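the following block contains a protein sequence and its predicted model.
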There are 2 protein chains.
Amino acid sequence: MSTEKCFAKGSAAPGPVPKDRLRLYSMRFCPFAQRTILVLNVKGIKYDTVNINLTDKPDWFLEKNPLGLVPTLETPAGEVIYESLITCDYLDEAYPEKKLLPAPPFAKAQQKMMLEHFSKVALYIYKIPKGRMKDQDVSGLEAELKEMFTRLNEHLLKTKTKFLGGDAITMIDYMLWPFFERFEMAELHHFLDDTPELKKWTEHMLEDPAVKSILYSVDAHRGFFKGYAGGNPNYDYGLEEKTN
Amino acid sequence: MSTEKCFAKGSAAPGPVPKDRLRLYSMRFCPFAQRTILVLNVKGIKYDTVNINLTDKPDWFLEKNPLGLVPTLETPAGEVIYESLITCDYLDEAYPEKKLLPAPPFAKAQQKMMLEHFSKVALYIYKIPKGRMKDQDVSGLEAELKEMFTRLNEHLLKTKTKFLGGDAITMIDYMLWPFFERFEMAELHHFLDDTPELKKWTEHMLEDPAVKSILYSVDAHRGFFKGYAGGNPNYDYGLEEKTN
């Protein structure tokens, strides 16, 4: 696509997916879509991106995915895949060159269980800052988050590995990363000071080429979040300065 | 195990898992554990069952699975796997003889998406009868369930297949079945009269040997549900008449 700007209701549908690539329907600041982008980028898969206005979705998008969720993948054959974890597993199987999930069934199950354990991390990055903005008591949520950090830290202490699934970066790291990228935006990153192994993990993650390929500044995250939390998300935040 | 009776807090832990089999920690009326049992049975995997008192869990069980959930699988090597869908995917990969998930990545993704769409079915079988017992208005939930049935029926009309993933029974059928088995208990089965293809599907399912291998009568489901809904579940319901 020639534009990163989002497509809203009433916009003309993009043309068919070219034969040599995938298409990703996305939203620039969506951490779930970022999971899929990380997997696409680490595998070097060719794709174009169509960003969607999630509060005013085009009809042609809802026809492709009645749930209207991003990330949604579309293949040149018209196959449509959604739900971030399903898209990532799909990509890992359909493009098996750089496998991100381990092959042994138990090792794979371990990553899936870990993801179940820690998937609640997605809640905290939005709920805690939103609560603070409204002067609500968020100490319970903060305690839960601290406990989650402690458990992840203990896991890394036990495995003595650089990454969550071993010394090489694997699927579990990429699935959790988008939320960690937003902890500074949510003013929660100081919690990492009490969990040094987990902090080291974030430092290793920041050195990864795929992570670097789709990394927003804290200012950009904050800028988007401000509008989002106020009920008026600007999906094109930061694009105003650019020319298309 | 020599008993189906549940293990509660304070009970002696069962011995180690014998070398030639798996162990399933279960609860006799749990539809999620039934998913795992269906996969174990269809594949002819050797396993023993340890039923857990879910309101008064043994410490040795919580040591194995801190979440305290059933189904939990344990291997002779001490590997522990939980969350019903994760256990079923694990079994399908670790025991690949009778594969239940399709091999092509898109076909597999389709089953996972379908499961996401219809996983809410688990809510209705408990929420609707509980609401009725308390004279609550359950018409909204009933409308949601009807809509879900209509969509499943449309899927079967479109695919013109006996089962949800094709003419052979596959993972998606077994994952949804435990909830359908409970619709008569929940007095919701008459909704199937408006969705004849889906009704035919339930009839095909009832002919399947694995489904038949772990099928409770409507009376047994009702008997257990009565205590469960009243906050006093009898996990050994129906075992009283038997001698061990």
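In hand now; what should we look at?

pLDDT weak spots in chain A?
Counting by pLDDT under 70, chain A has low-confidence residues at A:1-2, A:241-244.

domains in it, by residue range?
Under the assignment named as automatic domain parsing, the residue ranges that make up the domains of chain A are A:22-99+A:233-243, A:105-213.

does chain B sit close to the shortest one?
Yes. Looking at domain A:22-99+A:233-243 against chain B by C-beta under 8 Å from any C-beta of the partner chain, the contacts come from A:67, A:75, A:79, A:81-83, A:86-87, A:89-90, A:93-94. In short, each C-beta sits where N, CA and C put it, glycine included.

next one: that domain to chain centre, how far?
How far domain A:22-99+A:233-243 lies from its chain's middle: 10 Å, per C-alpha atoms, centre = their mean, to the nearest Å.

returning to what we had before: tell me which of the domains of chain A is the most buried.
Mean neighbour counts were taken over these using mean count of other C-beta atoms under 10 Å in any protein chain shown, and the top value, a mean of 19, falls to domain A:22-99+A:233-243.

so which residues of chain A form strands?
Counting by DSSP state E, chain A has these strands, from start to end: A:22-26, A:47-51, A:72-74, A:80-82.

in CSV: those, plus distance to residue B:205.
Converted to CSV, the strands of chain A look like this (distance: least, C-beta to C-beta, whole Å):
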stretch, distance to residue B:205
strand A:22-26, 35
strand A:47-51, 39
strand A:72-74, 31
strand A:80-82, 27
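
how about stretch A:158-173 and chain B, touching?
No. When contact is scored as C-beta under 8 Å from any C-beta, no part of stretch A:158-173 falls within range of chain B; the minimum is 13.3 Å.

first-to-last residue distance for that stretch?
Between the opening and closing residues of stretch A:158-173 there is a gap of 16 Å (C-alpha to C-alpha, to the nearest Å).

wait, doesn't residue A:118 sit right on residue A:153?
No. With contact defined as C-beta atoms under 8 Å, residue A:118 does not count as touching residue A:153 (12.0 Å).

could you check how far the closest residue to residue A:21 other than its chain neighbours is from residue B:124?
For residue A:21, the nearest residue in space outside its immediate sequence neighbours is residue A:46; the separation is 4.1 Å by C-beta to C-beta, 6 or more residues apart in numbering or on different chains. Computed with C-beta to C-beta, to the nearest Å, the distance linking residue A:46 and residue B:124 is 43 Å.

which one is residue A:155 nearest to, not counting chain neighbours?
Take residue A:155 and drop its neighbours on the chain: the residue closest to it by C-beta to C-beta, 6+ apart is residue A:164, 6.9 Å away.

isn't the one you found up against residue A:156?
Yes. The criterion here is C-beta under 8 Å, and residue A:164 meets it with residue A:156 at 7.2 Å.

so residue A:70 sits right up against residue A:50, yeah?
No. With contacts counted by C-beta under 8 Å, residue A:70 stays clear of residue A:50, the gap being 9.4 Å.

list residues touching both of these two?
A:25-26 (C-beta atoms under 8 Å, 6 or more residues apart in numbering or on different chains).

now tabulate the domains of chain A in a markdown table and tack on distance to residue A:219.
What follows is the domains of chain A, written out as a markdown table (distance: least, C-beta to C-beta, whole Å):
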| stretch | distance to residue A:219 |
| --- | --- |
| domain A:22-99+A:233-243 | 9 |
| domain A:105-213 | 9 |
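
quick one: closest of those domains to residue B:39.
Of all the domains of chain A, domain A:105-213 sits nearest to residue B:39, with 12.7 Å by C-beta to C-beta.

distance across that closest one, terminal residue to terminal residue?
30 Å.

cool, stretch A:15-33 as well?
Chord length of stretch A:15-33, first to last residue, is 21 Å (C-alpha to C-alpha).

quick one: which of the domains of chain A is nearest residue B:26?
Each of the domains of chain A was checked against residue B:26 via C-beta to C-beta, and the shortest separation belongs to domain A:105-213, namely 17.6 Å.

quick one: the helices in chain A, in order.
A:31-42, A:59-64, A:84-94, A:105-118, A:121-133, A:139-159, A:171-181, A:196-206, A:209-213, A:218-229 (DSSP state H).

just the angle for the last one relative to helix A:121-133, thanks.
This points to helix A:218-229. Helix A:218-229 runs at 70 degrees relative to helix A:121-133, counting by axes from the mean of the first three to the mean of the last three C-alpha atoms, to 10 degrees.

again, but for the fourth one
Direction vectors for helix A:105-118 and helix A:121-133, defined by the same axes, to 10 degrees, enclose an angle of 10 degrees.

do I have it right that residue A:162 meets residue A:198?
No. With contact defined as C-beta under 8 Å, residue A:162 and residue A:198 do not form a contacting pair (11.9 Å).

got phi/psi on the residue in chain A sticking out farthest from the centre?
Within chain A, the residue lying farthest from the chain centre (C-alpha atoms, centre = their mean) is residue A:135, at 27.8 Å. Geometry field for residue A:135 lists phi and psi as phi 60, psi 30, criterion degrees, to the nearest 10.

before we move on, the earlier item: of all the domains of chain A, which lies closest to residue B:146?
Distances from residue B:146 to each of the domains of chain A were compared by C-beta to C-beta, and the smallest falls on domain A:22-99+A:233-243, at 17.2 Å.

does residue A:151 really touch residue A:120, like I thought?
No. Checked against C-beta under 8 Å, the pair residue A:151 and residue A:120 is beyond contact range at 11.4 Å.

picking that back up, so which of the strands of chain A gets nearest residue B:193?
In this view, the strands of chain A are compared for proximity to residue B:193 by C-beta to C-beta, and strand A:80-82 is the closest at 32.1 Å.

strand partners of that closest one, parallel vs antiparallel please.
Strand partners for strand A:80-82, identified by DSSP bridges, are recorded as strand A:72-74 (antiparallel).

so residue A:111 touches residue A:173, yeah?
No. At 9.6 Å, residue A:111 and residue A:173 do not qualify as touching, with contact defined as C-beta under 8 Å.
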